[in-house]
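Visitor: One predicted model, sequence on top.
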Amino acid sequence: MFLLNNVLNRYWQQFDWSGLADQLFSKLVSLLLLLLLFYIAKKLLHVLVAKVIAPSLKLSKQDIARQKTITRLIENLLNYALYFLLIYWILSILGLPVSSLLAGAGIAGVAIGMGAQGFLSDLVNGFFILLERQLDVGDNVRLTNGSINIAGTVVSVGIRTTQVRDADGALHYVPNRNITVVSNLSRGDMRVLIDIPIYAQTDLDEIYRIISKVNDEAVPEHPEILKSPNILGPQMASNGQFNFRISMTVQSGMQTSIYHIFYRLYHEALLKEGIELPTLGPVSKSK
């Protein structure tokens, strides 16, 4: 027992506990100062983008949506660089051999290559999305990849991910490699198709008259409608429902609003004139 205590005492005494405490305190202070500098740098970066880069882009010939896209992209790239420097300095303060770790990463590159392929695919696809200007911040888009379909407003376009907020308010982070089809609903004029369900025996001439009357009264109040509505007439839907279709050309971004406004106007006018309209309940149940 005496021998064991003697060994433990000698082992304990070989450490310079005062020096270790000093080193630990020094590293903690260095880490706190580094985090404080990182916080300040991040705030300054945001101010730089907002006060310098964004106003500079306003002097260019780019539209507002493109300016927002480029501003978000520059801010994201600067943030990536800042986080990389933060990790590098933290490892250096902790005394880890950063150069050896980087060399080891080169040796282990084959092992992590499969995981890096997705990241590189995001970068390449994101580069072409930005280069070809497939979408900009504020655009109303539909992103498709097979059975996956995300529709909403573009919040941010990054070199790796694209953020889209849907009608429910959910924010979707979409890796750029998963974007195979971009349907941009904010480029050029849009078409609105309004289908009013009717019975096959309904007097079509009477419906033409009622719809035309609604158009004459309501269309002048909506300058976002660019052309006179085109009354296409009776249509047969894929589910067998008999519809009466009206087509409109409207400003980009106004299609949903115009659809709901005029569907209600048509529906109320037809009912007021005594036109009986079916419901789609029984038809949808048979699917």
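Guide: Sure, I can see it.
Visitor: Export whichever strand or helix holds Ala151 to PDB, keeping only CA atoms.
Guide: Assessed by DSSP states H and E, Ala151 sits inside strand 148-157. What follows is strand 148-157, C-alpha atoms only, in PDB (Å, rounded to 0.1, in the frame of the first residue of the first chain):
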ATOM      1  CA  ILE A 148     -41.200  16.400 -55.200                       C
ATOM      2  CA  ASN A 149     -42.800  19.700 -55.900                       C
ATOM      3  CA  ILE A 150     -42.200  22.900 -53.900                       C
ATOM      4  CA  ALA A 151     -44.000  26.100 -54.800                       C
ATOM      5  CA  GLY A 152     -43.600  29.500 -53.200                       C
ATOM      6  CA  THR A 153     -41.700  32.800 -53.100                       C
ATOM      7  CA  VAL A 154     -37.900  32.800 -53.300                       C
ATOM      8  CA  VAL A 155     -36.400  34.100 -50.000                       C
ATOM      9  CA  SER A 156     -32.700  33.600 -50.700                       C
ATOM     10  CA  VAL A 157     -30.500  32.200 -53.500                       C
END
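Visitor: which helices and strands does it pack with?
Guide: Helices and strands touching strand 148-157, by 3 or more CB pairs under 8 Å, 6 or more residues apart in numbering; DSSP states H and E, are helix 64-93, helix 109-131, strand 140-145, strand 161-165, strand 171-175. Just so you know, the C-beta spots here come from the backbone N, C-alpha and C atoms, and that holds for glycine as well.
Visitor: which stretch among those comes nearest Gly152?
Guide: Closest to Gly152 of the helices and strands packed on strand 148-157 is strand 161-165 (CB to CB; 4.5 Å).
Visitor: low-confidence ranges in the stretch 101-250 of the chain?
Guide: By pLDDT under 70, the weakly predicted segments of the stretch 101-250 of the chain are 101-117.
Visitor: sorry, back to before: who does the strand holding Ala151 pair up with?
Guide: strand 140-145 (antiparallel), strand 161-165 (antiparallel) (DSSP bridges).
Visitor: tilt between the longest one and strand 171-175?
Guide: An angle of 50 degrees separates the directions of strand 140-145 and strand 171-175 when computed by axes from the mean of the first three to the mean of the last three CA atoms, to 10 degrees.
Visitor: before we move on, the earlier item: most tightly packed of the strands paired with strand 148-157?
Guide: Most buried of the strands paired with strand 148-157 by mean neighbour count (mean count of other CB atoms under 10 Å) is strand 161-165; its value is a mean of 21.
Visitor: mind checking which of the strands paired with strand 148-157 is nearest Ala200?
Guide: strand 140-145 (33.7 Å).
Visitor: Check what contacts that closest one and list those residues.
Guide: 135, 149-154, 162, 164, 174, 178-186, 252-253 (CB atoms under 8 Å, 6 or more residues apart in numbering).
Visitor: Could I get the buried residue list for stretch 178-198?
Guide: For stretch 178-198, the neighbour count (16 or more other CB atoms under 10 Å) marks 178-179, 182, 184-186, 190, 192, 194, 196, 198 as buried.
Visitor: wait, which of those is closest to Arg245?
Guide: Ile194 (6.9 Å).
Visitor: isn't Asn215 right up against Ser228?
Guide: Yes. Contact status for Asn215 versus Ser228: in contact at 7.4 Å, counting by CB atoms under 8 Å.
Visitor: neighbour count winner among the two?
Guide: Neighbours were counted for Asn215 and for Ser228 using other CB atoms under 10 Å; Asn215 has more, 20 against 11.
Visitor: tell me the domain boundaries of this structure?
Guide: As assigned by automatic domain parsing, the chain contains the domains 17-107, 129-184, 190-279.
Visitor: Return the most buried member of the ones you listed.
Guide: It is domain 129-184: most buried of those by mean count of other CB under 10 Å, with a mean of 16.
Visitor: residues touching Leu120, list them.
Guide: Contacts of Leu120 (CB under 8 Å, 6+ apart): none.
Visitor: so how far is Arg160 from it?
Guide: As judged by CB to CB, to the nearest Å, Leu120 and Arg160 stand 10 Å apart.
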